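J.: coordinates only, sequence not included:
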């Protein structure tokens, strides 16, 4: 079980996309060596926009990662491949689904939904996200899934899939549908959706 996460956003320098993607893939062995890192994903948001999402059992392992070899390797590429140091958000994991076996190269597609809870409805949103896990557990094409608290009012869902078919099935499934139904009562607006390419991953079951 994981309880903590990180989202690091990275901006590639112009013309460096191919090199950035190869670099992020090359960092995977370092992530594998971090025994306290349960899951690690290098993703592409869009042109020049990349990110790393990773998840940990506790605060100590998250801090160890922030001071570890993966973080050092990324910081060494600032002003070489990246325009600036990564923008890092600390995440709390409310619920998760992990694959039954460890994997390093299964997922190719990802999804990040972020949304704001209406004032006073934060606890209901958190319960909704926890309850959603049982539906995601029944989605065979959803490889991994994380319900997130980003800050006091903002929440999110990050999940990965073997391909576009799995992502489509999830987007048309129970959780996004229920989220849309609750948008007016629980949320401060429609969720923001990022369709991601997964470049590299590590998941310990």
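T.: Yes, it's here. Only a predicted model underlies this, so the values are computations on that prediction, with no experimental measurement involved.
J.: could you list the low-pLDDT ranges of this structure?
T.: Where the chain drops to pLDDT under 70, the residues are 102-105.
J.: helices along the chain, start to end?
T.: 17-26, 28-32, 59-66, 69-75, 122-136, 164-171, 174-181, 183-186 (DSSP state H).
J.: show me what the last one is packed against.
T.: Put plainly, it is helix 183-186. Contacts defined by 3 or more C-beta pairs under 8 Å, 6 or more residues apart in numbering; DSSP states H and E place helix 183-186 against helix 122-136. To be clear about C-beta, it is placed using only N, CA and C from the backbone, and glycine gets the same treatment.
J.: just checking, residue 115 touches residue 187?
T.: Yes. Counting by C-beta atoms under 8 Å, residue 115 does reach residue 187; the two are 5.1 Å apart.
J.: joint contacts of these two?
T.: residue 179 (C-beta atoms under 8 Å, 6 or more residues apart in numbering).
J.: quick one: contacts for the residue nearest to residue 196 when sequence neighbours are not counted?
T.: In space, and not counting its chain neighbours, residue 196 is closest to residue 110: 3.5 Å by C-beta to C-beta, 6 or more residues apart in numbering. Neighbouring residues of residue 110 by C-beta under 8 Å, 6+ apart: 41, 43, 158-161, 167, 195-198.
J.: give me the buried subset of those.
T.: 41, 43, 158-161, 167, 196, 198 (16 or more other C-beta atoms under 10 Å).
J.: how about these in TSV, adding distance to residue 19?
T.: Formatted as TSV, the buried ones among the contacts of residue 110 follow (distance: C-beta to C-beta, whole Å):
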residue	distance to residue 19
41	19
43	17
158	25
159	28
160	24
161	26
167	27
196	19
198	18
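J.: out of those, which is nearest to residue 89?
T.: residue 158 (11.7 Å; C-beta to C-beta).
J.: partners of that closest one in the sheet?
T.: Counting by DSSP bridges, residue 158 forms beta bridges with residue 112, residue 146.
J.: picking up where we left off before, which one of the contacts of residue 110 is nearest to residue 181?
T.: For those, the nearest to residue 181 is residue 159 (19.1 Å; C-beta to C-beta).
J.: distance check, that closest one against residue 71.
T.: To residue 71, residue 159 is 24 Å away according to C-beta to C-beta, to the nearest Å.
J.: export the helices of the chain to JSON lines and tack on distance to residue 147?
T.: Output for the helices of the chain, formatted as JSON lines (distance: least, C-beta to C-beta, whole Å):
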{"stretch": "helix 17-26", "distance to residue 147": "25"}
{"stretch": "helix 28-32", "distance to residue 147": "22"}
{"stretch": "helix 59-66", "distance to residue 147": "17"}
{"stretch": "helix 69-75", "distance to residue 147": "24"}
{"stretch": "helix 122-136", "distance to residue 147": "4"}
{"stretch": "helix 164-171", "distance to residue 147": "13"}
{"stretch": "helix 174-181", "distance to residue 147": "9"}
{"stretch": "helix 183-186", "distance to residue 147": "14"}
